[in-house]
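Asker: Using only what follows, build the 3D model:
(2 chains)
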Amino acid sequence: MDKKVRALTNLDAVDGRVYGRYNKVVMVNPYKCYFIVTYENGTIQKGNNLFVTGWDAVSNGIRTLQYKLSTGHLITIPKMRGYLPTIEVSESVDGFKMFHAINVNCMTYEDIITYRIILREDNLMKYKIGDIIVSKSKNKIKSSQWKFSI
Amino acid sequence: MHRGEDCMSEPILTFLYNYSDTDIAYGGTGGEYGEWKAIKLATGSGISADVKVYTGGGIHQSLATPTEVFGRREATLKPVTGLYPVPQIYIESAEDMIMYHVPLASGQPNSNRYVFGVYIDGEIESDLYLEMWDDITFSTTNIPTLSGSISYPHSCFNAIRTTDTPPDAMWTGASTNAEYLAGYNHRLRLKGVDNIINETVYYSMYVAIPWDLVFTHDTPVETYRYLYT
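Answerer: Predicted coordinates for the structure are as follows:
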């Protein structure tokens, strides 16, 4: 199945634009957004893109987790016990995809702190690409994809 | 082997509809299977995506079934009082030049369970959310069929999760596990839990037109939101 993003313009440049009936949206180029993991031994591992992230190949022992966006933003996540990043996407039945955010769930000893990295901006929403919204929750998230700093 | 077992990445969603009058679950793993057809997505080769068409109830009551020519529409009704559920749903295939009827979606509301489905090949770290928006900016719900009318102050799109149980015969968007679909705040959870791996979720839906809805020609977009690693 074809997984290319459609109905966007300027996708080969820095970002993509979507023109709607009441609003205009600018989105990152999902092919040019990836994570950068630095391990305790100094080794650096880069992810792929937002489609095939490459997170499953990350090992424990993370010293620093960063996200590089197609817009040039470099976002560093504070050091935590563990990390579980999830990509938030909408898919329409006509084959279009909109990437909303990367939700980086971070494990502390008591809570889950989520760093929500915004991937789209428009004329109505107050957040811009690269903005980070931080929230905290007591709810545990079960997943085999948690990767730890120690 | 499913894709999600050997490679953690974006899951592949297949949007399905039952084009028979047999209320039976999907048995496939992502493609067309048995009585279930897949809604074709637009491709880079110039083929247009399939379109879900709500129609019927006019002079002829419905289009001929099981198929009818591409592009044909039957008039529907705007009632003088009360509500009018649009009686038929078709999937218009530009590639096949055919409109496929979805028999179990006829005469809604009804208690049919396996009407529409989504097969998730791979793993998502959340529920799968069915949403309805004005367009693919995924930001507004201003068009009349999503904003409603004075007598019907919510979306005209009624949807209900049927993954676990069939709906009540008189269900509406206000029923348990149902929604009047409009944007982020009125979206439908299709599984009910925050993790889905290689399985099919199901729902049913219909459009109800209130007597005081403004005349309109709307083409809202039906979308699915989820999380993955």
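
Asker: If you count contacts, what does the longest strand along chain B end up packed against?
Answerer: In chain B, assigned by DSSP state E, the strand with the most residues is strand B:196-210. Packing partners of strand B:196-210 (3 or more C-beta pairs under 8 Å, 6 or more residues apart in numbering or on different chains; DSSP states H and E): helix B:3-6, strand B:83-85, strand B:116-124, strand B:157-161. Any C-beta I mention is one placed from the backbone N, CA and C, and that applies to glycine too.

Asker: Tell me how many other residues surround the nearest residue to residue B:154 once chain neighbours are set aside.
Answerer: In space, and not counting its chain neighbours, residue B:154 is closest to residue B:180: 4.1 Å by C-beta to C-beta, 6 or more residues apart in numbering or on different chains. Here the number of neighbours of residue B:180 (other C-beta atoms under 10 Å in any protein chain shown) works out to 21.

Asker: again, but for the one 10 residues further on
Answerer: When counting by other C-beta under 10 Å, one arrives at 25 neighbours for residue B:190.

Asker: got it, and residue A:82?
Answerer: Number of residues near residue A:82 (other C-beta under 10 Å) recorded here: 16.

Asker: contacting residues around it?
Answerer: Counting by C-beta atoms under 8 Å, 6 or more residues apart in numbering or on different chains, residue A:82 touches A:106, A:107, A:146, A:147, A:148, A:149.

Asker: what sits against the residue lying closest to residue A:138 once chain neighbours are set aside?
Answerer: Distances taken as C-beta to C-beta, 6+ apart put residue A:111 closest to residue A:138, at 6.1 Å, once the chain neighbours are dropped. Residues in contact with residue A:111 (C-beta under 8 Å, 6+ apart) are A:136, A:137, A:138.

Asker: nearest to residue B:199, of those?
Answerer: Taking C-beta to C-beta as the measure, residue B:199 lies nearest residue A:137 of the contacts of residue A:111, at 26.2 Å.

Asker: so who does that closest one touch?
Answerer: Applying C-beta under 8 Å, 6+ apart to residue A:137 gives the contacts A:111, A:112, A:114.

Asker: Format those residues as JSON lines; extra columns: pLDDT and secondary structure.
Answerer: JSON lines is the format used below for these (pLDDT from 0 to 100; DSSP: H, G, I helix; E, B strand; the rest coil):
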{"residue": "A:111", "pLDDT": "94", "secondary structure": "coil"}
{"residue": "A:112", "pLDDT": "96", "secondary structure": "strand"}
{"residue": "A:114", "pLDDT": "97", "secondary structure": "strand"}
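
Asker: Looking at those residues, spot the one nearest chain B.
Answerer: residue A:114 (11.2 Å; C-beta to the nearest C-beta).

Asker: residues contacting that closest one?
Answerer: Taking C-beta under 8 Å, 6+ apart, we find residue A:114 in contact with A:103, A:104, A:105, A:106, A:134, A:135, A:136, A:137.

Asker: was I right about the third one contacting residue A:80?
Answerer: No: applying C-beta atoms under 8 Å, one finds residue A:105 not in contact with residue A:80, separated by 9.2 Å.

Asker: Between the two, which contacts overlap?
Answerer: residue A:113.

Asker: out of those two, which sits in the busier spot?
Answerer: Taking other C-beta under 10 Å, residue A:105 and residue A:80 do not tie; residue A:105 has more neighbours (23 against 19).

Asker: How about that one, nearest residue that isn't a chain neighbour?
Answerer: Counting by C-beta to C-beta, 6+ apart, residue A:105 lies nearest to residue A:84, which is 4.2 Å off, once chain neighbours are set aside.

Asker: list the contacts for the one you found?
Answerer: A:104, A:105, A:106, A:107, A:141, A:143, A:145, A:146, A:147, B:125, B:229.

Asker: Is residue B:17 in a helix, a strand, or coil?
Answerer: Here residue B:17 is recorded as strand under DSSP: H, G, I helix; E, B strand; the rest coil.

Asker: one step back: among the contacts of residue A:82, which ones are buried?
Answerer: Those of the contacts of residue A:82 that meet the buried threshold are A:106, A:107, A:147, A:149, by 16 or more other C-beta atoms under 10 Å in any protein chain shown.

Asker: Could I get the phi/psi values of the last one?
Answerer: Yep, that's residue A:149 we're talking about. Dihedral pair for residue A:149: phi -90, psi -20, per degrees, to the nearest 10.

Asker: One more: the first one?
Answerer: Note on residue A:106: backbone dihedrals following degrees, to the nearest 10 are phi -120, psi 130.

Asker: same question, residue A:100
Answerer: When read as degrees, to the nearest 10, the backbone of residue A:100 gives phi -90, psi -50.
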